[in-house]
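Engineer: Sharing a model that was predicted from the sequence below.
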Amino acid sequence: MDKVPSKGSKVDPFKDYLEKRMKEGTTNCNVLLEKIISTPGTLISIVIIPVISF
């Protein structure tokens, strides 16, 4: 049987950014999430902002 290819993670598009920020010393998840959510056009900003803004 062949292995099913992994779909990847929802965090994959942000891994480089997150790793860079953590190396700089930012480990607060709320701060990191705020930056990701505030990035215009990302799927997470399109889906989450309307939910938390009501």
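Structural biologist: Perfect, I can see it now.
Engineer: Show residues contacting stretch 19-29.
Structural biologist: 32, 35 (CB atoms under 8 Å, 6 or more residues apart in numbering). C-beta coordinates here come from the backbone N, C-alpha and C atoms, glycine included.
Engineer: Can you get me the start-to-end distance on it?
Structural biologist: 12 Å (CA to CA, to the nearest Å).
Engineer: mind listing what's buried in it?
Structural biologist: R21 (16 or more other CB atoms under 10 Å).
Engineer: Please state the mean pLDDT value computed over it.
Structural biologist: Across stretch 19-29, pLDDT averages out at 90.
Engineer: Same question for stretch 32-52.
Structural biologist: Averaged across stretch 32-52, the pLDDT comes to 65.
Engineer: number of nearby residues for I36?
Structural biologist: Residues lying near I36 (other CB atoms under 10 Å) number 16.
Engineer: Please tell me how far it sits from N30.
Structural biologist: 11 Å (CB to CB, to the nearest Å).
Engineer: now I37
Structural biologist: 10 Å.
Engineer: which of the two has more neighbours?
Structural biologist: The residue with more neighbours, out of I37 and N30, is I37; 14 against 6, by other CB under 10 Å.
Engineer: Specify the local secondary structure of R21.
Structural biologist: Here R21 is recorded as helix under DSSP: H, G, I helix; E, B strand; the rest coil.
Engineer: Compute the distance between it and K7, please.
Structural biologist: 25 Å.
Engineer: Go through stretch 8-17 and flag the buried ones.
Structural biologist: So, applying 16+ other CB under 10 Å, buried residues of stretch 8-17: F14.
Engineer: hey, C-alpha coordinates of that stretch in CSV?
Structural biologist: What follows is stretch 8-17, C-alpha atoms only, in CSV (Å, rounded to 0.1, in the frame of the first residue of the first chain):
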residue,chain,number,x,y,z
GLY,A,8,0.6,19.7,5.6
SER,A,9,-0.2,21.9,8.5
LYS,A,10,-2.2,25.1,8.6
VAL,A,11,0.9,26.6,10.2
ASP,A,12,3.2,25.7,7.3
PRO,A,13,2.9,29.0,5.5
PHE,A,14,4.0,30.8,8.6
LYS,A,15,6.8,28.5,9.8
ASP,A,16,9.7,30.7,8.6
TYR,A,17,8.2,33.8,10.2
